[in-house]
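Asker: Fold the following, please.
(one chain, ligands or ions: 1)
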Amino acid sequence: MTSPQTHYRICPLCEACCGLEVRTEGRKVVAIRGLESDVFSHGFICPKAVALKDLHEDPDRLRQPLVKRDGRHVPVSWDEAFAEIERRLPPILAAHGRDALALTVGNPAAHKAGLLLYFARLARAAGTKNLYSASTLDQMPKHLQAGLMFGTLFSIAVPDIVRTDYMLVLGANPIASNGSLWTVPDFRGKAKALRARGGKLVVIDPRRTETADAADEHHFIRPGTDVHLLAAMLNTLFAEGRVRLGRLEPLVAGLDALQQAVAPFTPERAAARCGIPADTIRTLARELADAERGVVYGRIGTCTQAFGTLSQWLIDALNTVTGHLDEPGGAMFSKAAAFGPNTMGPPGKGRGIITGRHASRVSGAPEVFGELPMVKLAEEIETGGAGQVRALITIASNPVLSAPNGPRLSKALDALDFMVSVDIYLNETSRHADVVLPGVSPLQDGHYDVAFPQMSWRNHARYSAPVFARDEGQPAEWQNLLRLTAILKGLGANADLQALDDELTADDVRKLAGEQTPAVMAAVSRWQGPERLVDLALRAGPYGDRFGLKPDGLNLAKVADAPGGIDLGELQPRLPEMLRTPNGKIELAPAPLLADLPRAVADLDAELDRSGAAPMSIIGRRELRSNNSWMHNLPTLAKGPLRCTLLMHPDDAQRLGLSDGALAEVKRAGRAISAPVAISDAMMRGVVSLPHGWGHHLDGSQLAVAAERPGANLNAVLDESLYDPLSGNAVLSGVAVEVAAAT
Ligand code: SF4
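Answerer: Okay, the predicted model is just below:
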C-alpha cells in the first residue's frame, strides 16, 4: 500500500495558471482540484484541469524517442536518437550554412520553464535567422505595440479588473479563456463582482460570446474592423475635448500626432465600415472617458487580423488619453518577480525596440523580436537558393494545424532533408520528423511561470516541484534542448552537459555581475538547470534577496517553500519607472504605426459588397474545453457534444439552404473543409465561426481519441499570404470564404 500524497502544481493548460492540488497514490493521480490556499487563483479551476490526469496517463503520449526508418517511426534509445541527429544535422549546416536550419516553438513551451529558457540557448547556438513561433499566429501585434509604446515586448498593460468600474472588451472571450495576454483565473467571478458593485461590462465581437452573454451590453462588429471603431472613439474624444492625460501629461510624447492620425476616422465613416452606429461609437467613447476607473482590453480577434498592431496601439492610446493607463481600475502593468524586461536595467529609460534587423529571404518580411512570420516558413522551405531552409527543429509546436494553409506546410515538411521534433505526441506536425524526442508529462516537471506573471491580475511568485519522478532513462526536456545545443555548437551528442550548462549560465551571469560571477554562481549552486536560472532571476529581480544583501527578499527556496505561492500584492502604478523607451516617454504615436496607418485609412472607404451573394467572413472561437490541438486527445475533454461546428446566423443558413446539423462546405483558394452547421443568432449575419486546432484525420499521427472525432481544420482554408505587415502575424480572423451545402 502506498500512502496518498498531496502535491501543488501550477496548471499548465492555459494562461490562467491556476493553482492545483494534485492527490496521488504511488504513480497514480487520484484527484485534481483547485488549491484554496493558492494566493493567485484561490481554488478556482475550469473543467480542463482534471484532464491533466488524462494527459499524464495517455497511452498515446510518447515515452521513447522515435526515428523514421523506411517511412515508419520506430522506437530507439536516447543515445541512438541523438546519434542520428548528430549524423545528419551538422553536415547540412556545413554544406548550406546556419540559415539552412529553422526552429519553431509552440505555445505549450510557455508552460514549461525548461523548454522556454533552454529554447533561447538552442536558438543562439543555431545561429539562424529562421526562427518562428506561435507568437506570429496569435499575439505578436501586442508585443510589438507594447515595445513601441513602452519599450519592451512584455510591457503589456492589463485590466485591473478588481477595481474597475467600466470595462470594454474587444475580440476576446475571457469567460472561456480566463484571460489571454492577461492572466486572470475566474474571470467570470471577477466580472460578476464588477457588475455587482455597479460597474459596466461591454463586449464588442462578431459573435455574442459567453463573455458577451454575461455583459451589460454587446455590439456586433464586422471582423477585422476594430481599427476603425477604436480610431473613431479617439476621434470623438479629441473632437469633444474629452482627452485627459492627468499625471501622465509630462510622460506622453506624440499626442498631437495621434490626434492628426485619427482625424480621418469620423464616427460616421467608421460606422459604415465596422457596422456599429456612429451614435454608439460616440457613446462608447464618452462612457470610457467619463468612467472614474475604466479600461479597454482587446485580444485575439484584435490581433489575428490585417490591422493587428494598429488595433493594439489604439487600445492603449484610448487607455492613455482617458487617463486610465497605470491607474487603479485601469490598464496597469504587473511587476514580475523574475524575468521582466521592464524591471531590468536603469528605471525609466531604455533602448526601446528595433525591428527589421533582417528580413525573410523570399518575401522580405521583417524580423520582429528575432522572429520571422510563421506564414513564411513554407516558402522558405520550398524556394531554392542560398539560405533555403533544409532542416527544421520543432519544439512543442504543431503549425500544420495552427498555421494558415497547413496542407502546403505539410507538403513542404516532407521536402526537408532532416527534421527533429521535441514533442509529447506524434501529431500532425511531428509525424513528419525524422527524429522525435518525447517531452515529459507536466507532472514530471518542476515549473515556474516565466512569462505570465508579467501580465497577471495580481503580483505573485509560485513554483511547482515535480509531482512524479521522470521515467527511468528519460532526460528532462531542458537536458534534451541542451544536448541539441551541444550538437549545434559542434561539441557533439556526448558532450558534458553539466559543464556546458555551467558555462552558458556563467556567461549570462557575467553580463550582469562581472567579477562577482563566481560568488553569484556559488550562491545558486543548490539548483540545476531551469531552477538555477529561476533562482538567479528571482534573486536579482525587484523583490529579490540580492544574493544575501536583502535577507527578506525572494529566492527560489523561499518560493518553493510556500505551497500556494507568495502574494506580492495588487497592481501598483509603475510609470515612469517601468518605461524603457529611449526618450523615457510613453510613445503615443510611434513612427512605424503612423507609417502603416494609411492602409487603414484606405480600408475605411473600402466598398462593402451588399449583394447578398458576398462571401462569408470566418472567425475562430475559443472553447472552454479546448486550448491546444492535443487537448482533443484527452477523453475528459473530448467527450460530450461535438464542438467543432460551424456557427451561422439563421438568416444566412436559410439563404444558403442549410439546416442545423447539416454538413457545410467552407472553401477558399481551391481548398475546402466541411463541418456540421450549428445555427445560432449569437452570430453576426455574414460571419461564420469554427474553433481552431481541429483536423485530426491526417495519416501518420498518433492521437487515437482525437481521430475518433477529428473535426475540420479552420486553418486549412486560410491564406498564408494574409498577414499584418508590421508584426508578421497571420490573419486568422475575418477571412472571406465561400460557404455552401456540402455535396
Ligand atoms: S482556467 Fe486554465 S489554468 Fe485554470 S484550471 Fe482551467 S486550464 Fe488550468
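
Asker: ok and the residue in the stretch 151-300 of the chain nearest the ligand?
Answerer: At 4.2 Å from the ligand, Asn178 is the closest residue in the stretch 151-300 of the chain, using C-beta to the nearest ligand atom. (Each C-beta comes from the backbone N, C-alpha and C, glycine too.)

Asker: Quick check, that residue in contact with Pro185.
Answerer: Yes: Asn178 is within contact range of Pro185, at 5.3 Å (criterion: C-beta atoms under 8 Å).

Asker: Walk me through which strands the top strand by length along the chain pairs with, and which way each runs.
Answerer: For the chain, the longest strand by residue count, based on DSSP state E, is strand 671-679. Using DSSP bridges, strand 671-679 pairs in its sheet with strand 646-648 (parallel), strand 663-668 (antiparallel).

Asker: so how far is that strand from its chain's centroid?
Answerer: Distance, stretch centre to chain centre, for strand 671-679: 26 Å (C-alpha atoms, centre = their mean, to the nearest Å).

Asker: The next helix or strand after that strand packs against which elements?
Answerer: As assigned by DSSP states H and E, the chain's next helix or strand after strand 671-679 is strand 687-689. If you count contacts as 3 or more C-beta pairs under 8 Å, 6 or more residues apart in numbering; DSSP states H and E, strand 687-689 packs onto strand 616-619, strand 646-648.

Asker: Strand 687-689 - what's its average pLDDT?
Answerer: Averaging pLDDT along strand 687-689 gives 97.

Asker: Show me what it is in contact with.
Answerer: 206-207, 222-223, 616-621, 646-649, 652, 666, 683, 737, 739 (C-beta atoms under 8 Å, 6 or more residues apart in numbering).

Asker: Then stretch 555-574?
Answerer: 8, 19, 35, 37-40, 158, 160, 162-163, 326-328, 332-335, 337, 342, 448, 457-463, 465, 526-527, 531, 534-535, 538-539, 543-545, 554.

Asker: Show me the shaky parts of this protein.
Answerer: Along the chain, segments meeting pLDDT under 70 span 1, 607-614.

Asker: at 90 what do you get?
Answerer: For the chain, the stretches flagged by pLDDT under 90 are 1-3, 512, 563, 604-615, 622-631, 640, 692, 743.

Asker: tell me, how many neighbours does Arg470 end up with?
Answerer: 15 (other C-beta atoms under 10 Å).

Asker: got it, and Ala289?
Answerer: With other C-beta under 10 Å as criterion, Ala289 counts 22.

Asker: Turn the helices and strands packed on strand 687-689 into CSV, columns for distance to Ala600 and mean neighbour count.
Answerer: Shown next, in CSV, are those (distance: least, C-beta to C-beta, whole Å; neighbours: other C-beta atoms under 10 Å):
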stretch, distance to Ala600, mean neighbour count
strand 616-619, 17, 23
strand 646-648, 28, 24
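
Asker: got those strands as JSON lines, with distance to Glu382 columns?
Answerer: Converted to JSON lines, these look like this (distance: least, C-beta to C-beta, whole Å):
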{"stretch": "strand 616-619", "distance to Glu382": "26"}
{"stretch": "strand 646-648", "distance to Glu382": "31"}
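
Asker: Rebuild those strands as CSV, extending it with distance to the ligand.
Answerer: Below are the helices and strands packed on strand 687-689 laid out as CSV (distance: least, C-beta to the nearest ligand atom, whole Å):
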stretch, distance to the ligand
strand 616-619, 22
strand 646-648, 23
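
Asker: quick one: contacts of the longest strand of the chain?
Answerer: With C-beta under 8 Å, 6+ apart as the test, strand 671-679 has contacts from 405, 407, 642, 644-650, 653, 658-666, 690, 695, 711-714, 716-717, 742.

Asker: which SS state does Val739 fall under?
Answerer: Using DSSP: H, G, I helix; E, B strand; the rest coil, the structure places Val739 in strand.

Asker: Is the closest residue to it other than its chain neighbours bridged to anything, and to what?
Answerer: Of all residues not flanking Val739 in the chain, Met616 sits nearest, at 4.8 Å (C-beta to C-beta, 6 or more residues apart in numbering). For Met616, the beta-bridge partners are Val737 (DSSP bridges).

Asker: what separates Met616 from Trp182, distance-wise?
Answerer: To Trp182, Met616 is 30 Å away according to C-beta to C-beta, to the nearest Å.

Asker: Report how many residues lie close to Gly246.
Answerer: With other C-beta under 10 Å as criterion, Gly246 counts 13.

Asker: can I assume it is in contact with Val321?
Answerer: No: using C-beta under 8 Å, Gly246 is not in contact with Val321, being 10.0 Å away.

Asker: overlap in contacts of the two?
Answerer: What both Gly246 and Val321 touch, as defined by C-beta under 8 Å, 6+ apart, is an empty set.

Asker: Get me the contact residues on the stretch 51-200 of the chain for the ligand.
Answerer: Within the stretch 51-200 of the chain, the residues that sit near the ligand (C-beta under 6 Å from any ligand atom) are Asn178, Pro185.

Asker: Do a quick rundown of the helices in the stretch 51-200 of the chain.
Answerer: Taking DSSP state H, counting those that start in this stretch as the criterion, the stretch 51-200 of the chain contains helices spanning 51-57, 78-96, 113-126, 140-150, 174-177, 187-196.

Asker: In terms of secondary structure, what does the fourth one contact?
Answerer: Right, helix 140-150. When contacts are defined as 3+ C-beta pairs under 8 Å, 6+ apart, helix 140-150 sits against helix 300-303, helix 308-321, strand 586-587, helix 591-604.
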